[in-house]
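Build the 3D model from these lines:
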Amino acid sequence: MRMIIASGGTGGHLYPAILIGKELERIGWEVLFTVGKRETELRIVKSMNVNYRVLPLTPPSNRFFHYPSILISLFTAFNVIRSFKPESILGTGSYTAFPMLFWAKILKIPIYLHEQNTIPGKVTKIFSKYAEKVFISFPETKKYIKNRKTVFTGLPVREIDVESDCSRISEEIQLDKDKPIFLAFGGSQGSYVLLKMLKEVEKEIQKMNLQGIIIKGNVKLSFKYAFPHVLKEYVYNMPSYYKISDFVIARGGASTVWELINARKPAIIIPIKGSLHQLKNALFFKELGGGFVVEEGDTHSLITSISYLLHEREKFIKNLESFNIPDWKAILKKEMRDA
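A predicted model of the protein is given here:
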């Protein structure tokens, strides 16, 4: 079987797509990825060693695409399909999937979709009615999808040899192993707002005797933290960093939420202001009993939540351990075989 996986946009779309692709390759499928031209996308596909083609699609501005880039991307996508001859195409929600799914519909190539967020994006909504199956990461997504063939899979997350990697990282970061450590990050793009909130509560963090591992992404910081910390730009082995941390402070991206669930790691989630899908993702995590949801700028709630997590950490871990994580590999293979 040959499949094109049309993905890209952000790491939140791309990492799950790559994991799906690698699992299909493991059972004998031939997989080709198509991604956009952004630096983040290209860095990820190169680091994950996958077979890919680039569609020169410009990110949409507000309500509109950049029409010349759409036309060029449609032309490129058609040529990729003509040369690769896929038997199916899987879209993972990003705007970068549009050209491939457009041709899949025109050429009657079977369409599959995998939606990462609770509230599906426009591309998923447009093509869901044409899809053989729509795989969803959150149960609530079903009510937003017109296609009745929705299947709850959860979200694929990265797996590595955590134990051996943790020893190496612990030596590398050189923080005090006897003091609690929090991990803070804002997704593949970083988040100045989240990192600034930590700066605003640094005195309280010091009083709690906390240390931080802070992943800043491409954010340029104009300040330094007073509490003990390690600052990193990017890491590619997040499960290990979850393992050595006592709790996490992060945005509400779907991949982040599912990584936290899989790691059974308590967290404080700060959704992007105005992002309903991040808020919904975060509320799903909160309802599992995994932690708290804090609004942007609400430093009082942030400190209160940190204090509570420190004292009741085991309770949150037990709540997460009680959740039955779906076996996405088995589900996807079965559903694609039966379609």
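
Look at Phe316 and say how many residues are nearby.
Using other CB atoms under 10 Å, Phe316 has 21 neighbouring residues. Every residue, glycine included, has its C-beta placed from N, CA and C.

hmm, I was thinking of Ile44
Neighbours of Ile44 using other CB under 10 Å come to 25.

Low-confidence stretches in the stretch 51-200 of the chain?
Applying pLDDT under 70 to the stretch 51-200 of the chain flags the ranges 60-67, 160-164, 188-190.

And the strands in it?
Ranges of strands in the stretch 51-200 of the chain, per DSSP state E, counting those that start in this stretch, are 52-54, 88-91, 111-115, 133-136, 150-152, 181-185.

and Glu30, which of the ones you listed is closest to it?
Glu30 lies closest to strand 88-91 among the strands of the stretch 51-200 of the chain, at 11.3 Å (CB to CB).

Confirm Ile213 sits in a strand?
Yes - Ile213: assigned to a strand according to DSSP: H, G, I helix; E, B strand; the rest coil.

That one: what's it in contact with?
By CB atoms under 8 Å, 6 or more residues apart in numbering, the residues touching Ile213 are Ile173, Leu175, Ile181, Phe182, Leu183, Ala184, His229, Val230, Lys232, Tyr241, Ile244, Ser245.

Give me the residues contacting stretch 301-316.
Stretch 301-316 is touched from outside by 180, 182, 197, 201, 204-205, 208, 210, 246-247, 249, 266, 268, 270, 289-292, 294-295, with contacts defined as CB under 8 Å, 6+ apart.

Any buried residues in the strand or helix carrying Ile18, and which?
According to DSSP states H and E, Ile18 maps onto helix 11-26. Buried residues in helix 11-26, counted by 16 or more other CB atoms under 10 Å: 11-21, 23-24.

between that helix and strand 111-115, how many degrees?
Counting by axes from the mean of the first three to the mean of the last three CA atoms, to 10 degrees, helix 11-26 lies at 130 degrees to strand 111-115.

Moving C-terminal from helix 11-26, which element do we reach first?
Taking DSSP H and E, what comes next after helix 11-26 is strand 30-35.

Buried residues, that next one. List them.
For strand 30-35, a neighbour-count test (16+ other CB under 10 Å) marks Val31, Leu32, Phe33, Thr34, Val35 as buried.

Can you tell me which of these is closest to Ser222?
Nearest to Ser222 out of the buried residues of strand 30-35 is Val35 (CB to CB; 31.9 Å).

Quick check: closest non-adjacent residue to the closest one.
Distances taken as CB to CB, 6 or more residues apart in numbering place Gly8 nearest to Val35, at 3.7 Å, with adjacent residues excluded.

wouldn't that neighbour be in contact with Tyr15 here?
No - assessed by CB atoms under 8 Å, Gly8 is found out of contact with Tyr15, at 11.2 Å.

can you map out the helices along this protein?
Taking DSSP state H as the test, the helices found in the chain are 11-26, 39-47, 67-84, 98-106, 122-127, 162-173, 192-200, 202-207, 238-244, 254-263, 276-287, 299-311, 313-321, 328-338.

Run through who's touching the last one.
Okay, so that is helix 328-338. Residues from elsewhere that reach helix 328-338 (CB under 8 Å, 6+ apart): 20, 23-24, 27, 88, 112, 133, 135, 151, 153-156.

Then stretch 141-148?
Under CB under 8 Å, 6+ apart, the answer for stretch 141-148 is 115, 117-120, 124-125, 128-129, 131, 134, 136, 150, 152.

Give me the local confidence score for the residue nearest to Val35.
Note on Gly8: pLDDT of 88.

rewinding a little: how about the helices of the chain, which one is nearest Ile214?
For the helices of the chain, the distance to Ile214 is smallest for helix 192-200, at 6.8 Å, taking CB to CB.

burial measure for Lys318, as a count.
Other residues lying near Lys318 total 11 when counted by other CB under 10 Å.

Surely Tyr15 and Ile44 touch.
Yes - Tyr15 lies in contact with Ile44 (CB under 8 Å); the separation is 7.0 Å.

circling back: got the helices of the chain as a markdown table, with distance to Leu221 columns?
Shown next, in a markdown table, are the helices of the chain (distance: least, CB to CB, whole Å):
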| stretch | distance to Leu221 |
| --- | --- |
| helix 11-26 | 20 |
| helix 39-47 | 19 |
| helix 67-84 | 32 |
| helix 98-106 | 35 |
| helix 122-127 | 33 |
| helix 162-173 | 18 |
| helix 192-200 | 6 |
| helix 202-207 | 13 |
| helix 238-244 | 19 |
| helix 254-263 | 20 |
| helix 276-287 | 22 |
| helix 299-311 | 17 |
| helix 313-321 | 28 |
| helix 328-338 | 36 |
